[in-house]
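1. structure for this input, please:
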Amino acid sequence: MSNTKLHVPNALDAHLQDVLLTFGITGSVLTGLLLLVIAYAAWNPISRHHLNRVSFRLLVCALISNLLFVTTGIQVFSGPSAGCSFVAFFGASNLMFSGCMFFCTALNLQLVLVQHINGNLMERFYYIGSVTAVAILNIPPYAAGQLGYSNLNGTCWFSDPRPDVQLRWLLGTQSVWILLMSTGEVVCFFVILGYMYRMRSLRVLSNSSMLSLGAIPKPPIVLYRNIILRIGLYPLLSCCLNFTGSILGIWLSKNRVPTELQWRISFVRQPDLSVFALRPILYTLLAAADPVHHAQYPLLLQLTTHHLNRASSAPCLHSETTANPHTPPALPPVSRTRTRTG
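-> Okay, the predicted model is just below:
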């Protein structure tokens, strides 16, 4: 019964922005650190080949989008302005682009593993399609003045004071498409699971009819099933967050009376509140456990130790060479092994 009562401001209201700011800063720092590790691994030629994967590049784009999105949750504007409208447009665009990247990740897995399509050839179409979708869905509300300072929650988001108009713009340019992409992610994931189960069943039947169990090699989808399932967690997490945020956003647009229930739901879902503020943290923790990093982290630690040792021994080498400038430099040892050509 208390859910129908009007919300009475309490001590939690005063600390709400502090909680959200803590989420935002934590997510930004974690995402930034992970992106720095990825950038160093991509810059170093020894570890670069570990990142040569289409799904991993799509994941990096999604992480960058989430990092940019969480920056829009910082409260800079306290009223309607052109800057607030642009922040709302920038945040909505990054949210949509992140959803597109996770949908492309799930679609790429299905196309490569089930339909046997080259993911490298499809990669450019993922980016072109995502940028096109973001432009088509976010430029119209920005040009129509539907993005700006919202008096309902005090943030830069969809700002039309008429609930029915705001709901139409929210459904037509964001919620419906995010829900469709999330549904597509789940469909792709279960298609892959069904294909893996079918391949495993076929292998069991084939092995039962062969004299030697090792005569039939394992197909890649069975051999790398743990990695494939781990990659599939990205679209599943994206689906959970997008479904929660979109459905609660639609409910809040239709129910604007500041009741206790409305306030609690708005705490869970607003453009800068818990569901969206937690996105960078959850995605970064999941990305840090990506299988590609299992071989990358020890290699990066070895490379970092090697560079630090070289930097610490550089002054000693410099002092030895400057002590006797007439000493000729040491020549590298000549290898006596012959190299084969052809």
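2. confirm that Tyr149 sits in a helix.
-> No: Tyr149 is assigned strand when assessed by DSSP: H, G, I helix; E, B strand; the rest coil, not a helix.
3. from Asn118, how far off is Tyr142?
-> Tyr142 sits 36 Å away from Asn118, going by C-beta to C-beta, to the nearest Å. No exception for glycine: its C-beta is placed from N, CA and C like everyone else's.
4. for Ser47, same thing?
-> Using C-beta to C-beta, one obtains 24 Å as the distance from Ser47 to Asn118.
5. shaky segments in the stretch 201-342 of the chain?
-> Scanning the stretch 201-342 of the chain for pLDDT under 70 picks out the ranges 201-232, 235, 252, 255-277, 290-342.
6. could I get stretch 132-147 in PDB with only the CA atoms?
-> The C-alpha coordinates for stretch 132-147 follow below in PDB (Å, rounded to 0.1, in the frame of the first residue of the first chain):
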ATOM      1  CA  THR A 132      23.900   3.900 -40.000                       C
ATOM      2  CA  ALA A 133      21.400   2.600 -37.400                       C
ATOM      3  CA  VAL A 134      22.700   5.000 -34.800                       C
ATOM      4  CA  ALA A 135      22.400   8.000 -37.100                       C
ATOM      5  CA  ILE A 136      18.900   7.100 -38.300                       C
ATOM      6  CA  LEU A 137      17.600   6.500 -34.800                       C
ATOM      7  CA  ASN A 138      19.200   9.400 -33.000                       C
ATOM      8  CA  ILE A 139      19.400  12.400 -35.400                       C
ATOM      9  CA  PRO A 140      15.600  12.800 -35.800                       C
ATOM     10  CA  PRO A 141      14.900  13.200 -32.100                       C
ATOM     11  CA  TYR A 142      17.900  15.500 -31.700                       C
ATOM     12  CA  ALA A 143      16.700  17.700 -34.600                       C
ATOM     13  CA  ALA A 144      13.100  17.700 -33.400                       C
ATOM     14  CA  GLY A 145      14.200  19.000 -30.000                       C
ATOM     15  CA  GLN A 146      13.100  15.900 -28.100                       C
ATOM     16  CA  LEU A 147      16.500  15.500 -26.300                       C
END
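7. list the buried residues for it?
-> 133-134, 137-138, 141-142, 146-147 (16 or more other C-beta atoms under 10 Å).
8. check contacts around the closest residue to Val191 other than its chain neighbours.
-> Nearest non-adjacent residue to Val191, counting by C-beta to C-beta, 6 or more residues apart in numbering: Gln110, 5.5 Å away. Gln110 makes contact with 188, 191-192, according to C-beta atoms under 8 Å, 6 or more residues apart in numbering.
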